[in-house]
Structures are given as C-alpha cells and as structure tokens.
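Q: Sequence and predicted structure, then a few things I'm wondering about:
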Amino acid sequence: MEAIFLGTSCMVPTKERNHQGIFITVKNEGILVDCGEGIQRQFRVADIKPTKITKILITHWHGDHVLGLPGLLQTLGSSEYERELEIYGPKGTKKAFEYMFKAFSFKIEFPHKILEIENDKLDFKDIIIESKKLEHGVPCIGYSIKEKDTRRIKLPKIKALGIPQGPLLGKLQDNKSVEWEGKKIDPKEVTYIVQGKKIAVVLDTLPTKSAYTLAKDADLLICESSYAHDLLEKAENYFHMTARQAAEIASQNDVKKLVLTHFSQRYKTPEQILEDAKMVFENTLAAHDFMKVKV
C-alpha cells in the first residue's frame with residue numbers, strides 16, 4: 001500500500017500546499033480520498049494518470065475537499081476511461097452532484113455509481129473499506145482501507161508431504177482441505193495467515209470515538225491537525241483537531257505511523273505542529289505535497 005499526498009493545506013492553499021487530496025494505491029485499486037481544487041494538476045506533477053483512479057472517497061462537501069471534482073470528472077470523460085468509477089460520500093452527496101451537474105452543465109458519460117454511506121463496511125475483492133461518521137460542521141465521514149488477510153503456503157511442509165504445484169495448493173490457500181495420497185490435508189497444517197495492511201484517514205473532525213475506532217491497529221494513520229495545541233479552543237470552535245489530539249489517537253490505538261496533514265495557512269512550516277505531536281507519539285511525520293508513504 002502507498003499513500004501519495006496531492007494536497008496538504010487547510011481551507012486556503014499556499015505556494016507550497018494545495019487543497020486536500022490523497023491517492024492511495026493498493027492491489028489493483030487507485031483510491032482518491034477527497035478532490036480539492038487543483039488536484040488534476042497535482043496528478044500531472046506527480047506523474048500519475050488520473051485514469052488509474054478506481055474509487056473516490058469524499059469525506060465532506062467543504063470546498064477545499066471537493067472543488068476539484070468537476071474538472072477531474074470531465075477529464076476522465078475525455079480520457080477514454082474504461083472502468084466503472086465508484087464514488088462514495090456522506091449523506092447529501094447525491095444531491096450535491098445533481099447541483100454540480102446543473103452548475104457546470106455536464107454529466108458523467110462513462111459507467112459510474114454514486115453512493116451515500118455513513119457507518120458502513122464495504123467488502124471488495126482484495127480490500128475492505130470502512131466508513132465512520134465524524135463530527136464536523138457538515139456531514140463528514142472518515143475511512144479505513146484494509147487489505148484482506150492472505151493465506152500463504154508453508155513450503156517446507158509442502159515439500160515434506162510431496163504435494164506438487166498446482167490446483168491443490170490453490171485450494172489450500174483458499175482455506176479448503178484437500179486429499180493427497182489417501183490423507184486429508186487441513187489448511188491449518190500447511191499454511192499461515194499474513195495480516196493485511198491498513199491505512200486510516202481522519203480529516204476535519206473533533207476527536208470523536210469514531211476517529212479512534214478507524215485508527216485502531218492502523219499501519220498508517222493520516223490525520224488532520226489544523227492547529228498546534230496552543231490553539232485548542234480555536235480548533236474546537238471550527239470542529240478541527242490539534243496535532244496533539246491526533247497523536248493521542250495514534251498512541252492509544254496501536255498505530256504504527258502517524259502522518260499529519262490539513263495544516264492551517266498560518267503555519268509557514270509545520271515545525272510547531274510536529275513538535276506538539278511528537279511529545280505524545282514519536283513516530284510522526286508532517287505531510288508535504290507529493291510526499292509518498294509506503295506501508
């Protein structure tokens with residue numbers, strides 16, 4: 001799994017930071033979390049073809065998270081996009097798209113579906129996407145994206161039993177028993193489980209119980225930290241988190257790595273924010289545009 005940060009600013013972009021957008025690649029999926037203004041250009045700078053997008057996950061409908069949607073969708077339509085694009089968002093997403101199509105006089109010509117979710121678990125071939133309702137000024141959801149666990153073959157055991165490469169090994173990997181030389185072979189005897197990696201994305205919210213739930217056991221937690229902790233009251237007034245609160249979520253949920261994003265334009269550098277977080281959770285990074293993080 002890899003996360004590429006296409007935008008790391010808060011409401012107002014800066015010379016160095018674009019509006020929000022995170023592109024997560026896992027298996028055969030290209031998942032765009034939010035699509036702020038200018039994301040098309042960010043894809044080009046990062047040398048990523050927008051046609052690699054398979055799913056768009058919208059956290060909420062504030063402009064810095066969605067103003068790039070009309071242009072991106074029109075570009076996909078003119079780029080011979082051959083997939084069925086899946087778009088997920090909070091309550092009100094379908095109505096927001098209706099208004100968008102009217103305002104910009106276009107419609108999505110290629111196969112697609114637009115779904116509203118809240119506290120859902122979406123089961124796909126290789127991954128599970130979970131959504132949880134967060135607490136912001138408008139309907140807002142956070143996401144976790146997890147690879148499904150895989151079953152691997154214990155090669156020394158297979159060699160000792162003399163089981164050849166082929167369909168039998170495939171069945172064992174599918175957790176099915178097989179017959180070999182008159183003996184029933186249980187998958188537990190000759191396979192082991194590899195836990196799938198998990199990325200959680202929590203943007204624009206107070207530190208709710210749902211944020212903690214999404215972060216649980218994440219290999220990577222991407223979390224908003226609009227302000228340093230000396231502006232806690234301001235953060236609460238605007239339904240945002242401080243860096244220290246983001247770090248507390250990471251430290252209490254067995255997160256392996258925390259990456260902070262969604263910085264207020266008041267900060268010329270993220271040093272103060274990063275220091276705040278590291279006081280609580282050492283393995284913390286401050287995101288910058290085009291930063292890549294593998295898990």
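A: Looks like it arrived, so ask away. Residues are numbered from 1 along each chain as shown.
Q: count of residues packed around E282?
A: 11 (other C-beta atoms under 10 Å). (C-beta placed from N, C-alpha, C; glycine too.)
Q: neighbouring contacts of stretch 172-188?
A: T150, R151, R152, I153, L161, G162, I163, L168, K171, V190, T191 (C-beta atoms under 8 Å, 6 or more residues apart in numbering).
Q: Just the buried residues out of those residues, in ChimeraX syntax.
A: Restricted to buried positions by 16 or more other C-beta atoms under 10 Å, the ChimeraX selection for these reads:
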select :153,163,168,190,191
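Q: Could I get the full set of helices for the stretch 151-295 of the chain?
A: With DSSP state H, counting those that start in this stretch as the criterion, the stretch 151-295 of the chain has helices at 155-161, 167-173, 187-190, 209-215, 232-237, 243-251, 271-278.
Q: among those helices, which is nearest R44?
A: With respect to R44, and counting by C-beta to C-beta, the nearest of those is helix 271-278 at 28.4 Å.
Q: Which positions in that closest one come out as buried?
A: Q272, I273, L274, D276, A277, K278.
Q: what does stretch 127-145 give?
A: Applying 16+ other C-beta under 10 Å to stretch 127-145 flags 127, 129-134, 136, 139-145 as buried.
Q: picking up where we left off before, let me have the buried residues of helix 271-278 in TSV, extended by pLDDT and distance to S251.
A: Below are those laid out as TSV (pLDDT from 0 to 100; distance: C-beta to C-beta, whole Å):
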residue	pLDDT	distance to S251
Q272	97	19
I273	97	16
L274	98	15
D276	97	13
A277	98	10
K278	98	11
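Q: circling back: closest one of the buried residues of stretch 127-145 to S105?
A: After measuring the buried residues of stretch 127-145 against S105 - C-beta to C-beta - the closest member comes out as P139, at 26.3 Å.
Q: returning to what we had before: from the buried residues of helix 271-278, pick the one nearest L73.
A: Using C-beta to C-beta, the buried residues of helix 271-278 come closest to L73 at I273, 32.9 Å.
Q: my guess is the closest one meets L260, correct?
A: Yes - counting by C-beta atoms under 8 Å, I273 does reach L260; the two are 6.2 Å apart.
Q: what do the two both touch?
A: With contacts taken as C-beta under 8 Å, 6+ apart, the residues that reach both I273 and L260 are S225, A243, A286.
Q: Identify the spatial nearest neighbour of the first one, chain neighbours not counted.
A: Leaving aside its sequence neighbours, S225 sits nearest to A243 (C-beta to C-beta, 6 or more residues apart in numbering; 3.8 Å).
Q: contacting residues around the one you found?
A: If you count contacts by C-beta under 8 Å, 6+ apart, then A243 has S225, Y227, A228, H229, L260, I273, L274, D276, A277 around it.
Q: which one of these sits closest to S78?
A: Taking C-beta to C-beta as the measure, S78 lies nearest L260 of the contacts of A243, at 35.7 Å.
Q: how close does F281 get to S225?
A: Noted for F281: a distance of 11 Å to S225, by C-beta to C-beta, to the nearest Å.
Q: try K183
A: K183 sits 57 Å away from S225, going by C-beta to C-beta.
Q: Let me know whether P50 touches F43 as I believe.
A: Yes - the pair P50 and F43 qualifies as a contact (C-beta under 8 Å) at a distance of 5.1 Å.
Q: Compare the two and say which is more crowded by neighbours.
A: Set side by side, P50 and F43 show more neighbours around F43, with 23 against 18, by other C-beta under 10 Å.
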